[in-house]
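Visitor: my questions concern the predicted model and sequence given below.
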Amino acid sequence: MTQAFNLAQLANNVNSSGLLNASNGLTASAPVANGGTGLATLTANNVILGNGTSAVQFVAPGASGNLLTSNGTTWQSTAVVLVPQIQTQTLPTGSSTWSKPTTGGYQWLTIKIWGGGGSGGKNSSNSGGGGGGGAYNEITVPLSYLASSENYTVGGGGAAVTASGAGNVGGNSSFALTSYPGGAKTINAFGGAAGGGGSGNAQGGGGGGGQVSAGSAASGTNGGAGGRINAGNGGNSGGSSLNGASGTDSDYGGGGGGGGGAATYVAGTGSGGTSYYGGAGGGGGNSAGGLLNNGGVSILGGSGGSGTGTSGTPGAGALPGGGGGGTRSSTATGAGGAGSIILIWW
């Protein structure tokens with residue numbers, strides 16, 4: 001065809017204002033260099049990206065809820081990542097099961113666990129020993145280490161006693177991890193031992209609970225040993241004529257209970273052992289009226305209850321895991337504080 005013919009055909013698509021009708025007067029795609037896309041069609045509902053001198057590129061919408069984000073080089077459709085809110089739950093005392101969350105994108109679980117504190121003992125002739133504090137334990141694991149439902153036990157505190165005799169031990173706390181790599185695992189925090197009691201010589205304090213084993217009971221005037229690992233020993237009693245010794249301190253285990261004293265009360269003797277994480281030991285009883293042997297102090301666990309002599313009320317161990325105070329002739333000894341399990345997941 002001649003140039004004149006082509007110009008005539010082009011003129012057919014020029015309107016009365018001299019403007020070219022692009023809808024049917026052009027052929028092929030306008031190149032990028034001339035301001036075009038380089039493509040005959042554009043994908044519906046896609047975002048157009050520049051591509052230098054080449055035809056434009058596209059970003060598809062992707063899944064519902066996606067956002068257009070930059071990776072520093074180009075743009076992309078990215079799923080929204082929700083940051084899980086930190087969740088916390090304190091489990092009730094006793095044995096039951098806990099179901100791990102199945103929604104929310106949670107990945108990790110921290111288990112904080114305390115054993116129960118032992119109660120103080122009563123000795124009507126001289127005085128009873130203080131109860132040992134419950135141990136503390138902690139672990140952080142991926143939620144994948146747990147089965148869909150896991151067994152747990154939150155140990156109770158040792159109950160107070162009203163008749164002359166030893167107190168009651170604190171309960172052990174535990175939480176199972178069924179899918180732990182290499183085999184099922186249980187995290188434990190053992191309870192504190194009871195303060196000694198009965199008649200005759202003053203009695204020793206109960207040993208604090210440990211991460212591996214429970215505290216040992218007092219044996220006569222001798223305080224009980226603390227459980228493994230890193231638990232306080234119960235203080236020895238003053239026998240028939242001396243003030244009792246204080247329970248020893250610990251970090252993760254329970255503090256040992258103070259030993260009962262038979263002599264006139266002297267400040268600072270027969271006190272419960274302290275603990276940073278675990279429950280502290282209860283104070284031993286004494287033979288004086290109206291005077292207290294202090295319970296140990298805990299930073300993150302429960303403090304121990306105070307011990308008394310011929311009058312006054314022994315203190316109960318605070319939650320979680322404080323040991324109860326011993327006594328000579330009060331109506332009842334100090335009860336141990338119950339254990340606890342606190343779960344934090346995110």
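Guide: Thanks, I have the structure now.
Visitor: how close does Ile139 get to Thr110?
Guide: Per C-beta to C-beta, to the nearest Å, Ile139 is found 7 Å from Thr110. (Glycine included, C-beta is placed from N, CA and C.)
Visitor: nope, Ile344 is what I was after
Guide: 4 Å.
Visitor: which parts of the chain are helices?
Guide: Counting by DSSP state H, the chain has these helices, from start to end: 3-11, 22-25.
Visitor: contacts only, for the nearest residue to Gly223 once chain neighbours are set aside.
Guide: Spatial nearest neighbour of Gly223, excluding adjacent residues (C-beta to C-beta, 6 or more residues apart in numbering): Gly234 at 2.9 Å. For Gly234, the contact set (C-beta atoms under 8 Å, 6 or more residues apart in numbering) comprises 129-130, 132, 193, 195, 204-208, 215-216, 218, 223-226, 247, 256-259, 281.
Visitor: which of those residues are buried? Put it as a ChimeraX command.
Guide: Buried members of these, defined by 16 or more other C-beta atoms under 10 Å, are picked up in ChimeraX with:
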select :129,130,132,193,195,204,205,206,207,208,215,216,218,223,224,225,226,247,256,257,258,259,281
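Visitor: pretty sure Phe175 is touching Thr110, no?
Guide: No - look at Phe175 against Thr110 with C-beta atoms under 8 Å: they stay out of range, at 11.1 Å.
Visitor: now do the end-to-end distance for stretch 282-295.
Guide: One end of stretch 282-295 sits 4 Å from the other (C-alpha to C-alpha, to the nearest Å).
Visitor: do the same with stretch 96-105
Guide: 25 Å.
Visitor: how about it: buried residues?
Guide: For stretch 96-105, by 16+ other C-beta under 10 Å, it's Trp98, Lys100.
Visitor: who touches that stretch?
Guide: 81-82, 84-85, 87, 89, 91, 106, 109, 143, 146-152, 175, 343, 345.
Visitor: in PyMOL, select just the buried ones from those residues.
Guide: Restricted to buried positions by 16+ other C-beta under 10 Å, the PyMOL selection for the contacts of stretch 96-105 reads:
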select buried, resi 91+106+109+146+150+152+175+343+345
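Visitor: which residue, other than its chain neighbours, is closest to the spatially most central residue of the chain?
Guide: Nearest residue to the geometric centre of the chain (C-alpha atoms, centre = their mean): Lys112, 3.2 Å. Nearest residue to Lys112, sequence neighbours excluded (C-beta to C-beta, 6+ apart): Ile342, at 4.3 Å.
Visitor: check the offset of stretch 163-178 from the chain's centre.
Guide: How far stretch 163-178 lies from its chain's middle: 20 Å, per C-alpha atoms, centre = their mean, to the nearest Å.
Visitor: flag every buried residue along it.
Guide: Neighbour-count burial for stretch 163-178 flags 164-177 (criterion: 16+ other C-beta under 10 Å).
Visitor: just the residues you listed: which are in strands?
Guide: Ser173, Ser174, Phe175, Ala176, Leu177 (DSSP state E).
Visitor: and the residues you listed, which is closest to Asn66?
Guide: Leu177 (35.9 Å; C-beta to C-beta).
Visitor: OK, contacts around the closest one?
Guide: Leu177 makes contact with Val141, Tyr145, Leu146, Glu150, Ala184, Lys185, Thr186, Ile187, according to C-beta under 8 Å, 6+ apart.
Visitor: list only buried entries from the residues you listed.
Guide: Buried members of those, scored by 16+ other C-beta under 10 Å, are Val141, Tyr145, Leu146, Glu150, Lys185, Ile187.
Visitor: can you put those residues in CSV and add distance to Ser306 and pLDDT?
Guide: CSV is the format used below for those (distance: C-beta to C-beta, whole Å; pLDDT from 0 to 100):
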residue, distance to Ser306, pLDDT
Val141, 38, 98
Tyr145, 41, 97
Leu146, 40, 97
Glu150, 38, 98
Lys185, 38, 96
Ile187, 31, 98
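Visitor: ok, these vs Gly302, which is closest?
Guide: Ile187 (19.3 Å).
Visitor: so that closest one touches Gly115, yeah?
Guide: No - with contact defined as C-beta under 8 Å, Ile187 does not count as touching Gly115 (11.5 Å).
Visitor: chain center to stretch 39-51, what's the gap?
Guide: Distance of stretch 39-51 from the chain centroid (C-alpha atoms, centre = their mean) equals 52 Å.
Visitor: now do it, average pLDDT.
Guide: Average pLDDT, stretch 39-51: 90.
Visitor: same thing with stretch 339-346?
Guide: Mean predicted lDDT for stretch 339-346 stands at 98.
Visitor: show me what counts as buried in it.
Guide: Buried, per 16+ other C-beta under 10 Å, within stretch 339-346: Gly339, Ser340, Ile341, Leu343, Trp345, Trp346.
Visitor: same check on stretch 194-214?
Guide: Here stretch 194-214 shows 194-198, 201-211, 213-214 as buried, counting by 16+ other C-beta under 10 Å.
Visitor: report the beta-bridge partners for the residue nearest to the centre of the chain.
Guide: Judged by DSSP bridges, the bridge partners of Lys112 are Glu138, Ile342.
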